[in-house]
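> make a model of this:
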Amino acid sequence: MENRILIFAPTGRDGPLTSRILTGAGVACCICASPWDISQQLEQGAGGVLTVEEGLVNGGFKALKEYLDAQPGWSDLPVIVLTKHGPDSPSVRRAVADLGNVTLLERPVRTLTLLTSVHAVLRARSKQYLVREADRRKDEFLASLGHELRNPLAPIKTAVSLLQHLYPDVAQVDRIGEIIDRQVSHLTRLVDDLLDVARITSGKIELKLQPISLYSVLTHARELCEQAAEKKHIAIAWYLPDRDASLHGDHSRLVQTFANILSNAVKFTPAGGNIGVHVQVQGDVLTVRIQDSGIGLEQEVIPRIFRMFEQSRTVSGEILGGLGIGLSLSRQFAEMHGGHVDAYSEGLGHGSEFVISLPIVLGQQAAFTVNAAAESETAEKKALRVLIVDDNSDAADTLGMLFELEHFDVSTVYDGNAAIAAVARQRPDIIVMDLSMPGMDGYSTARAMRELPSGERMLIIALSGWGQNDAKQQALAAGFNYHLTKPVDYGELKRLLKSVTEIQA
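Residues are numbered from 1 along each chain as shown. Next up, the predicted model:
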């Protein structure tokens, strides 16, 4: 289907004649009877379109333009137009200007000219398919890379938490733990950015929309960037509105939008510099201006900085660290929320300004409050039975040690079959299980566990390096109650366990 030529010649005998010539030369083709037919056939795939000048009126041009405007980035569908009067007619000039990859052939067309033009079109289209395949393989690689990087990060993060539990009053352990935790968090953010690239380019990213507090988003973004700013002695001044506001959005993606731009400002601002964050709500529009006293941007660079993997340089030409995807993700997340991101600078040495605009649902008077009272935990805990299942023994053992410090009755196994046997023997209250185990994976193991006596009452938590929405949906469908992404936040895991304790109490 993708190597065929679609022919749209609604009048005369051009359609059947062209089809006969192409078919005789071994080129697959399909005659389209109407603009609607063109649209339907294009959705099924095409190596190119051959139309006549007369076909560009009465809906033909519109059908082609709508498809071409929506085609993915790898695609540049070739269009051959058989003209009556060369490029002089308005419809032909319009096609050349607006349809992009257009080849004009003036009638009457020699058979050899037609065939060589069609073969050239198909060769060019074949190159585009190679680009598409390379993009697909790249996305699969990034997703696999993210999974593989998350696996070693999980036991490192858990081991740090374990050390801090064992030696809570040792200053050196606490300081080293903070360094490791900070670096693991940085690596985790890089991995998350890589996975977001794969999700966006494959169209698999979905927003979890809900009413959220503007203050909470900005506070979280500030927390993510303040350590880097303090290390460079950069002062960040916040100019916030007196009243909070409600956004209808995905909290984590909006935090990422602001944090990426703010951390970029910190990165390109010299030590001792200044950054101002000006937040303004006017009507139903939120505007956040992030201004820095950094190295600035050349005018010709500004259109490129939002491209994927584009890295900015310092005045001396040096490339600073990073993947070059933070600004691109920020703009795409803002656009997915109905907003946009723009950049301004008066040139090198004059700092930069990034402006984020988002729609506001409702301005309101401090409706979002945080309960400052600390949550109290019961001194005596019921010894709930916890089963840890992970083929990575380091990850399983360190996580098991943390649970033991919280006075849980812990067992650890390293494969699906052993996990099923342990469930039948011990009847644990809680199971924390990896998904990507060799042999019997976590999905199959969870299904088998649910079939055992008392299997329905267990809390089964999935731990996985795969953070995509489809992985979470698969886990829930297999019988898991929750899906957490590695490296797991032990505080989040504790909150889940606390809820189970309360239910059983």
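> break the protein into its domains for me.
5-109, 210-363, 385-504 (automatic domain parsing).
> just the mean pLDDT for the longest one, thanks.
Domain 210-363 carries an average pLDDT of 84.
> give me the distance from it to the chain's centre.
18 Å (Cα atoms, centre = their mean, to the nearest Å).
> and if you look at the shortest one?
Centroid separation between domain 5-109 and its chain, computed with Cα atoms, centre = their mean, is 35 Å.
> quick check: end-to-end length of it?
17 Å (Cα to Cα, to the nearest Å).
> so Asp342 lies in a helix, does it not?
No - looking at Asp342 with DSSP: H, G, I helix; E, B strand; the rest coil, it is strand, so not inside a helix.
> ok, it - contacts?
Neighbour list for Asp342: Phe354, Val355 [criterion: Cβ atoms under 8 Å, 6 or more residues apart in numbering]. No exception for glycine: its C-beta is placed from N, CA and C like everyone else's.
> same check on Val355?
Thr287, Val288, Arg289, Ile290, Val341, Asp342, Ala343, Tyr344.
> again, only this time at 7 Å
Each residue near Val355 by Cβ atoms under 7 Å, 6 or more residues apart in numbering is listed here: Thr287, Arg289, Asp342.
> closest one of those to Asn481?
Ranked by distance to Asn481 (Cβ to Cβ), these are led by Thr287 at 40.9 Å.
> which SSE is the residue nearest to the spatial centre of the chain in?
Residue closest to the mean C-alpha point of the chain, counted by Cα atoms, centre = their mean, is Asp196 at 2.4 Å. Asp196 belongs to helix 171-201 when assigned by DSSP states H and E.
> so what secondary structure elements neighbour that helix?
When contacts are defined as 3 or more Cβ pairs under 7 Å, 6 or more residues apart in numbering; DSSP states H and E, helix 171-201 packs onto helix 111-166, helix 326-336.
> buried deepest among the ones you listed, which one?
helix 326-336 (a mean of 21; mean count of other Cβ atoms under 10 Å).
> contacting residues for the residue nearest to the centre of the chain?
Residues in contact with Asp196 (Cβ under 7 Å, 6+ apart) are Ile205, Leu329.
> and the helix holding Asp196 with helix 111-166, angle?
Per axes from the mean of the first three to the mean of the last three Cα atoms, to 10 degrees, the angle that helix 171-201 makes with helix 111-166 is 160 degrees.
> helix 326-336 and helix 171-201, what's the angle between them?
60 degrees.
> next structured bit after helix 171-201?
Assigned by DSSP H and E, the successor of helix 171-201 is strand 210-213.
> got the contact list for the next helix or strand after that following strand?
Using DSSP H and E, the helix or strand that follows strand 210-213 in sequence is helix 214-231. Here helix 214-231 makes contact (Cβ under 7 Å, 6+ apart) with 182, 236, 244-245, 247, 251, 254-255, 258-259, 262-263, 266, 279, 286, 368.
> buried ones in helix 214-231?
Neighbour counts using 16 or more other Cβ atoms under 10 Å place Leu214, Tyr215, Ser216, Val217, Leu218, His220, Ala221, Arg222, Leu224, Cys225, Ala229 of helix 214-231 among the buried residues.
> would you reformat these as TSV and include distance to Ser330?
Output for the buried residues of helix 214-231, formatted as TSV (distance: Cβ to Cβ, whole Å):
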residue	distance to Ser330
Leu214	17
Tyr215	19
Ser216	18
Val217	13
Leu218	14
His220	15
Ala221	11
Arg222	16
Leu224	13
Cys225	13
Ala229	18
